[in-house]
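**Q** Pasting a predicted model and its sequence here:
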Amino acid sequence: MAGEAMAREIREQPGMLRARAEGWEGEALRLRRGALAGRGTLVVLGRGSSGNAATFATYLWALRTGRHPVEFRPWLATQPLPAADWSDAAVLAFSASGRSTDVAQAAAWLRGRGARVVAVTESADVETHVARAAHDVLALEAGPERAAPATKSFCAQLFAAAALCGYPIRKAALQTADAMDMVLAADLAEPVARFLAGARTVSWVSRGFSIAGALDAALKFQQTTDLPSFAHSTAEFLHGPIGGCDDRDRVVLFSEIDEPLASKRAVEATLLARRVPLLALGVDHSEEAALPLPLPDDRWARTAMLAFVSQLTCLEVAVTHGLDPDTPAGLRRVTPPP
């Protein structure tokens, strides 16, 4: 049946969080005291969903330390560059499969210049490309994914990233698992899929660290449906992309906080004036269109809920369009070196 593997793997996420959060937190503490200790610069690496998890880590690390990490472009590792010393850097190399050769190449390049590298990947298998390039591994052990789109591995990377940035994750993981079960029981993805029916394009709009959820929502739709999909931060959306939207498009706006925001209100007002259909998700929502979601207390953990709802929506839209999201045509999960 189309999407059977993706459906199963999405639904495994609450159990995965309950089973694995304590282990991720313990491993992250070991790494913070070891491989990550004493390094003033954090570098993050990743592609696809793993790249979105890396972006998430930049927000959490900056909020925790006051210093913004470097989102390293693997392309640099293929260029003739001046000699540089990276011995002040710790590297988080995100690759769920461990087989992303361009991430592994960039990690090895940084390691050769003095950086300390930690691989964030599914297993502790030291023979994967990324593990071979690393000094140490945080093994997610979320279980295999047969469907092409990353679902539970992305969720696992979000929580592992939070733990590596020094956030306690066990309570947040349990609350998130409970919220996911509520979404499944109430089938809250169905109204989102219905809202997107007949759309020319869909834009996922968010802000702060939840932009990682918007980026991954857009990626899932790009991978598995015939609906062009984009992700924007709330402020950046106002600086151009919103001008290309009309009543043929759909905008999904996510807000993980319960306070008014000028940029969010401006987006809503502009879309209303342009007659662009809007669906607002989260705890803070407009009167024009709203779908409140059950959310954990910690704001950073709410990113996983946006990802979860968008995964379920993507599955429903793909199957409705007669597509199989388990094996999308032309999709490559592993990125080769540039």
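**A** Happy to help now that I have it. Numbers count the residues shown, from 1 in each chain.
**Q** show me where pLDDT drops low in the stretch 151-300 of the chain?
**A** Where the stretch 151-300 of the chain drops to pLDDT under 70, the residues are 258-260, 284-289.
**Q** Just the CA atoms of the lengthiest helix in the chain, as CSV, please.
**A** Determined from DSSP state H, the single longest helix within the chain is helix 13-33. Taking Å, rounded to 0.1, in the frame of the first residue of the first chain, the C-alpha atoms of helix 13-33 are listed here in CSV:
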residue,chain,number,x,y,z
GLN,A,13,7.9,8.6,17.0
PRO,A,14,6.0,8.9,20.3
GLY,A,15,7.4,5.5,21.4
MET,A,16,10.8,6.4,20.2
LEU,A,17,10.9,9.6,22.3
ARG,A,18,9.8,7.7,25.4
ALA,A,19,12.4,5.0,24.9
ARG,A,20,15.4,7.0,23.7
ALA,A,21,15.3,10.5,25.3
GLU,A,22,17.2,9.4,28.5
GLY,A,23,19.9,7.8,26.4
TRP,A,24,20.4,10.8,24.2
GLU,A,25,20.6,13.1,27.2
GLY,A,26,23.2,10.9,28.9
GLU,A,27,25.3,10.6,25.7
ALA,A,28,25.1,14.3,25.1
LEU,A,29,26.3,15.0,28.7
ARG,A,30,29.3,12.7,28.1
LEU,A,31,30.2,14.5,24.8
ARG,A,32,29.7,18.0,26.3
ARG,A,33,32.2,17.1,29.1
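**Q** Give the pairing partners of the very next helix or strand once past it; include direction for each.
**A** Once the chain leaves helix 13-33, the next helix or strand it forms, by DSSP states H and E, is strand 41-45. Strand 41-45 pairs in its sheet with strand 70-71 (parallel), strand 89-94 (parallel), by DSSP bridges.
**Q** Could you identify the helix or strand that succeeds strand 41-45?
**A** helix 48-65.
**Q** hmm, back to that, could you save the strands paired with strand 41-45 as CSV and add columns showing mean pLDDT?
**A** CSV is the format used below for those (pLDDT from 0 to 100):
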stretch, mean pLDDT
strand 70-71, 96
strand 89-94, 98
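**Q** Of these, which stretch is the most buried?
**A** Mean neighbour count (mean count of other CB atoms under 10 Å) peaks for strand 89-94 among the strands paired with strand 41-45, with a mean of 28. Glycine gets a C-beta too; all of them are placed from N, C-alpha and C.
**Q** what's it in contact with?
**A** Residues from elsewhere that reach strand 89-94, judged by CB atoms under 8 Å, 6 or more residues apart in numbering: 35-36, 39-46, 50-51, 53-54, 57, 70, 72, 103-104, 106-107, 110-111, 114-121, 130, 133-134, 157, 161, 164.
**Q** re earlier: what residues sit buried inside the longest helix of the chain?
**A** Using 16 or more other CB atoms under 10 Å as the test for burial, helix 13-33 gives Gln13, Pro14, Met16, Leu17, Arg20, Ala21, Trp24, Glu25, Glu27, Ala28, Leu31, Arg32.
**Q** packing partners for that helix?
**A** Judged by 3 or more CB pairs under 8 Å, 6 or more residues apart in numbering; DSSP states H and E, helix 13-33 is in contact with strand 136-139, helix 152-164, helix 170-186.
**Q** pLDDT averaged over the shortest one - what is it?
**A** So the one you mean is strand 136-139. The pLDDT scores in strand 136-139 average 96.
**Q** Report the distance from it to the chain centre.
**A** 19 Å (CA atoms, centre = their mean, to the nearest Å).
**Q** Does anything pack onto it? Which helices or strands?
**A** Identification of packing neighbours for strand 136-139 by 3+ CB pairs under 8 Å, 6+ apart yields helix 13-33, strand 116-121.
**Q** To Val309, which of these lies closest?
**A** Checking those against Val309 by CB to CB gives helix 13-33 as the closest, at 11.6 Å.
**Q** quick check: mean pLDDT across the closest one?
**A** Helix 13-33 carries an average pLDDT of 98.
**Q** angle of that helix against strand 116-121?
**A** Here helix 13-33 points in a direction 170 degrees away from that of strand 116-121 (axes from the mean of the first three to the mean of the last three CA atoms, to 10 degrees).
**Q** Can we start the residue count at 367 from this point?
**A** Fine by me, first position is 367 from now on; the one you just mentioned is helix 379-399.
**Q** Let's verify the residue lying closest to Ala450 once chain neighbours are set aside: helix, strand, or coil?
**A** Nearest residue to Ala450, sequence neighbours excluded (CB to CB, 6 or more residues apart in numbering): Arg479, at 6.0 Å. Classification of Arg479 by DSSP: H, G, I helix; E, B strand; the rest coil places it in coil.
**Q** Give me the phi and psi for Arg479.
**A** Backbone torsions for Arg479, taken as degrees, to the nearest 10, come to phi -110, psi 20.
**Q** Who are the contact partners of it?
**A** Arg479 is in contact with Ala450, Asp451, Trp452, Ser453, counting by CB under 8 Å, 6+ apart.
**Q** could you redo the last one with a cut-off of 7 Å?
**A** Residues in contact with Arg479 (CB atoms under 7 Å, 6 or more residues apart in numbering) are Ala450, Asp451, Trp452.
**Q** I'd guess the last one is in a helix, am I close?
**A** Pointing back at Trp452 there. No: if the criterion is three-state DSSP, then Trp452 is coil and not within a helix.
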